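A.B. asks: Return a 3D structure for these sequence lines:
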Amino acid sequence: MPLNAITVGIIIFAVSGLPSLFMSRLARLSQRVQVSLTSVGAVIGLFGAFSGLSGAFIIAAPFPWPSVGNSFIGLDALSAFFLVPVFLIGGLGPVYGLGYWSQREKPRSGHSVQVFWGFIVAGMALLVTSRHAMAFLFGWETMALSAFFLISAENEHRETRKAGFVYLIATHVGTLSLFGLFSTWRWATGSFAFVPLTAGAVSAGVMNLLFLLSLLGFGMKAGIMPLHFWLPGAHSNAPSHVSALLSGVMIKMGIYGIMRVLMLMPAGPAFWGVLILVLGVASGLLGVIYALGQHDLKRLLAYHSIENIGIILMGLGVAMLGRSLGHPVWFALGMAGSLLHVWNHSLFKSLLFLGAGSVLRSAGTRQIDALGGLARAMPWTVALFLVGAVAICGLPPLNGFISEFLIYLGLMRSLTVAGSGGAAVAFAAPALAMIGALAVACFIKVFGVVFLGNPRTMRAAQAVESPWTMRLPMLVLAGACLTIGLAPGLVLPALDHASAVMSPGVASTAGPLATLVPLGALFTMSVLLLGFIAVAASILASLSRASRRAPTWDCGYASPTSRMQYTASSFAQSIVRLFNAILRPDIHQPQLDGAFPVSASMHSHVADGVLDGWLIPSATRLQGRFRWFHRFQQGLTQHYVLFIVLALVLLLGTLIPFKEIMIYIGTL
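C.D. replies: I've put the predicted structure just below:
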């Protein structure tokens, strides 16, 4: 049974880190035990997940929820689809950690990373298979709290502690929204079970409330603009294989939550799809624009996660508009593009974060302007990072192109439909094209400054290639990117089954994806392009061997240095300047005074517009206005008892108004 295999995988991951607590003196052995357990759990879990993708509906719930008699867990193709990246990245990360985060080298945090790695993977797998709100929230909180401890692994650094604290606030704000969501669900349906609603079972007002609460709670975890403020700091300060899990998998749990709620409700009004589409466009454009202004390699990749969440939402918005307006082809193409980009992003973004970790381990810094010239010393890392960069830019013949192509097809189909519905969808097509172009510019900057040219620091000049334990997971991910890019027909049946779960009637009307997508043309184009790349690479290699080595043209300088190379700021300056009104870069110009000025330098910084530009200043002002309230914190027990009594009276007094408000919403 697929669900039984998945259950075994969850249990193995949950206990995988516990041996390290009892084997503190055998650091290497305990880490190898954890790797062995997670590898076995990943293989078993992937077997169950791929088995679950063989059909649209698999109903199996061996564990009853005793308090109300509802199912505890279950499996369908949508759950199985999201379980694939959970178990894949969950199994590859510890292998990478053998070389990157050795417990012998990291005795202070090695145990906690192993323990909470297993917990977060188990929590994500549990919430994806949950069929009851209480089980879902248990998995959700296991995931959320484990992520906090993983992000805070190096809590001796102030920036890491700040990132963990911001994440903890954000995740619990999202959880509070989910409490409201499931409480409203229970009030409207009479049950916490995830049972699809029939048309007319609840009023339109309640449906809108459920949709907005899910968008807020799950959107916070997904990192949708402007709810993304926790994401750049958390992903950049966590260990790199943890960043791969957070960015490649954890934020997709927010996408899964939105999809699951939409699946449980009848087709909603068109504004649901429009709102999702607008949020997707905003997240995609702003994410890549902010990425262009970053100098920290991992922070740059974190903003690209926001960009790709935007692309996923764009596909989902097209699908929901097609569902609402009665265009099944929109639904099929948009849903397939959205789901496939969930897989694709988990592959290439994990690959890029692992590549960034390889650079960090060898060069000792995440600052792009302190790197350079790594191509000679780290050829494997360079080649694999390039695969991830091409994939994230949506270029053929890799997997990012396929999912974006499906979304483009859905957007283009809207142009053939007269009316406001088609216009609402079509506006996103140029936005998606702009996102792709800016992503290409950003990764040209990254690749050129980090890997090409001459080393800018002594540590970069002494960099060496990472061990095989770090390269092997990267090779697996790169191979998966290439496989989906060259043979997309392999994943189309899984997309058909997962889309059928979302809306069986609409998906069946549209027909299988193989009839909507020009697979033959895609395959021919990819093979020809790959052949052209291979021929061009062989010609360049032969020319390189035949040519003599000489210094790069140095513009007349007698002794050029690495300081004369392009930096991340100078390379992207012309593009960043176009978006100054959005980015508001903080530029520190050198001050040269006197006949013999002292040494000076110029640097710029792009702060996050939501966290640094609004939330922190607002919180600081609010804290200043409530300083008078500190007088109530006198440490007197009788005062605290009085405060508790007053709070209870206030809460009891709000019960009747709350009930009346919910009754009013139910009548809308």
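A.B. asks: Report the separation between the nearest residue to Leu452 once chain neighbours are set aside and Met474.
C.D. replies: Spatial nearest neighbour of Leu452, excluding adjacent residues (CB to CB, 6 or more residues apart in numbering): Ala375 at 6.0 Å. (C-beta placed from N, C-alpha, C; glycine too.) When distance is defined by CB to CB, to the nearest Å, Ala375 is 16 Å away from Met474.
A.B. asks: One more: Val33?
C.D. replies: 23 Å.
A.B. asks: Settle it for me: which of those two has more neighbours?
C.D. replies: Between Val33 and Met474, counted using other CB atoms under 10 Å, the more crowded position is Met474 (27 against 18).
A.B. asks: and that one, what does it touch?
C.D. replies: By CB atoms under 8 Å, 6 or more residues apart in numbering, Met474 lies in contact with 96, 351, 354-355, 358, 380-381, 384.
A.B. asks: Same question for Ser146.
C.D. replies: So Ser146 contacts 116-117, 119-120, 123 (CB under 8 Å, 6+ apart).
A.B. asks: Quick one, grab the pLDDT at it.
C.D. replies: As predicted, Ser146 sits at a pLDDT of 95.
A.B. asks: Surely it is within a strand?
C.D. replies: No - under DSSP: H, G, I helix; E, B strand; the rest coil, Ser146 falls outside any strand and is assigned helix.
A.B. asks: for the nearest residue to it once chain neighbours are set aside, what are its contacts?
C.D. replies: Leaving out its chain neighbours, the residue that sits closest to Ser146 by CB to CB, 6+ apart is Ile120, at 3.7 Å. Under the criterion of CB under 8 Å, 6+ apart, the contact list for Ile120 reads 142-143, 146-147, 150, 245, 250.
A.B. asks: same deal with Asn237?
C.D. replies: Asn237 touches 151, 154, 157, 159-160, 163-164, 298, counting by CB under 8 Å, 6+ apart.
A.B. asks: ranges for the helices of the stretch 101-250 of the chain?
C.D. replies: Taking DSSP state H, counting those that start in this stretch as the test, the helices found in the stretch 101-250 of the chain are 110-129, 133-151, 158-189, 204-222, 231-237, 240-245.
A.B. asks: low-scoring pLDDT stretches of the stretch 151-300 of the chain, where are they?
C.D. replies: Of all residues in the stretch 151-300 of the chain, none has pLDDT under 70.
A.B. asks: repeat that with 80
C.D. replies: The model of the stretch 151-300 of the chain has pLDDT under 80 over residues 199-201.
A.B. asks: Domains in the protein, by residue range?
C.D. replies: Per automatic domain parsing, the domain ranges recorded for the chain read 267-542+566-587, 635-668.
A.B. asks: So which of those is the most surrounded?
C.D. replies: Comparing the domains of the chain by mean neighbour count (mean count of other CB atoms under 10 Å), domain 267-542+566-587 ranks first with a mean of 21.
A.B. asks: what's the span of it, first residue to last?
C.D. replies: Separation of the first and last residues of domain 267-542+566-587 by CA to CA, to the nearest Å is 49 Å.
A.B. asks: Now find how far off-centre that domain is within its chain.
C.D. replies: The chain centre lies 12 Å from the centre of domain 267-542+566-587; the measure is CA atoms, centre = their mean, to the nearest Å.
A.B. asks: can you check stretch 12-26 too?
C.D. replies: Relative to its parent chain, stretch 12-26 has a centroid offset of 28 Å by CA atoms, centre = their mean.
A.B. asks: Find the centremost residue of this protein, please.
C.D. replies: Computing the C-alpha centroid of the chain and ranking residues by CA atoms, centre = their mean puts Ser247 first, at 3.4 Å.
A.B. asks: what sits against that one?
C.D. replies: With contact taken as CB under 8 Å, 6+ apart, Ser247 is in contact with 235, 301-302, 305, 349-350, 353.
A.B. asks: What is the nearest of those to Asp608?
C.D. replies: Ala302 (10.2 Å; CB to CB).
A.B. asks: now the helix or strand hosting that closest one against helix 204-222, angle please.
C.D. replies: Per DSSP states H and E, Ala302 falls inside helix 297-325. Helix 297-325 and helix 204-222 meet at an angle of 160 degrees, taking axes from the mean of the first three to the mean of the last three CA atoms, to 10 degrees as the criterion.
A.B. asks: Does Leu396 belong to a helix, a strand or coil?
C.D. replies: You called it Leu, but residue 396 is Pro. coil.
A.B. asks: Hmm, it is touching Leu486, no?
C.D. replies: No - using CB atoms under 8 Å, Pro396 makes no contact with Leu486, being 9.4 Å away.
A.B. asks: Overlap of the contact sets of these two?
C.D. replies: Counting by CB under 8 Å, 6+ apart, the shared contacts of Pro396 and Leu486 are Ser526.
A.B. asks: Secondary structure element for Pro493, which one?
C.D. replies: In the assignment (DSSP H and E), Pro493 maps to helix 492-502.
A.B. asks: sorry, back to before: counting contacts, what elements does the helix holding Ala302 pack onto?
C.D. replies: Helices and strands touching helix 297-325, as assessed by 3 or more CB pairs under 8 Å, 6 or more residues apart in numbering; DSSP states H and E, comprise helix 231-237, helix 240-245, helix 252-264, helix 270-292, helix 328-363, helix 399-414, helix 420-426, helix 428-451.
A.B. asks: Go again with 7 Å.
C.D. replies: helix 231-237, helix 270-292, helix 328-363, helix 399-414, helix 420-426, helix 428-451 (3 or more CB pairs under 7 Å, 6 or more residues apart in numbering; DSSP states H and E).
A.B. asks: Make JSON lines out of the ones you listed and add distance to Leu92.
C.D. replies: Putting the helices and strands packed on helix 297-325 into JSON lines (distance: least, CB to CB, whole Å) gives the following:
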{"stretch": "helix 231-237", "distance to Leu92": "17"}
{"stretch": "helix 270-292", "distance to Leu92": "24"}
{"stretch": "helix 328-363", "distance to Leu92": "8"}
{"stretch": "helix 399-414", "distance to Leu92": "16"}
{"stretch": "helix 420-426", "distance to Leu92": "37"}
{"stretch": "helix 428-451", "distance to Leu92": "22"}
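A.B. asks: Out of these, which gets the lowest mean score?
C.D. replies: The lowest average pLDDT among the helices and strands packed on helix 297-325, as it happens, falls on helix 420-426, at a mean of 64.
A.B. asks: quick one on the thing from earlier: farthest pair in the contacts of Ser146?
C.D. replies: For the contacts of Ser146, the farthest-apart pair by CB to CB is Trp117 and Gly123; their separation is 11.0 Å.
A.B. asks: Among the contacts of Ile120, which pair sits farthest apart?
C.D. replies: Pairwise distances across the contacts of Ile120 peak at 14.0 Å for Thr142 and Leu245 (criterion: CB to CB).
A.B. asks: which one of these two has more residues nearby?
C.D. replies: Using other CB under 10 Å, the more surrounded residue of Thr142 and Leu245 is Leu245, with 27 against 20.
A.B. asks: Check whether the more buried one really touches Ile89, as I assumed.
C.D. replies: Yes - shown here, Leu245 and Ile89 form a contact pair, counting by CB atoms under 7 Å, at 5.5 Å.
A.B. asks: Between helix 428-451 and the strand or helix carrying Gly388, find me the angle.
C.D. replies: Assigned by DSSP H and E, Gly388 belongs to helix 379-392. Using the same axes, to 10 degrees, the direction of helix 379-392 lies 170 degrees away from that of helix 428-451.
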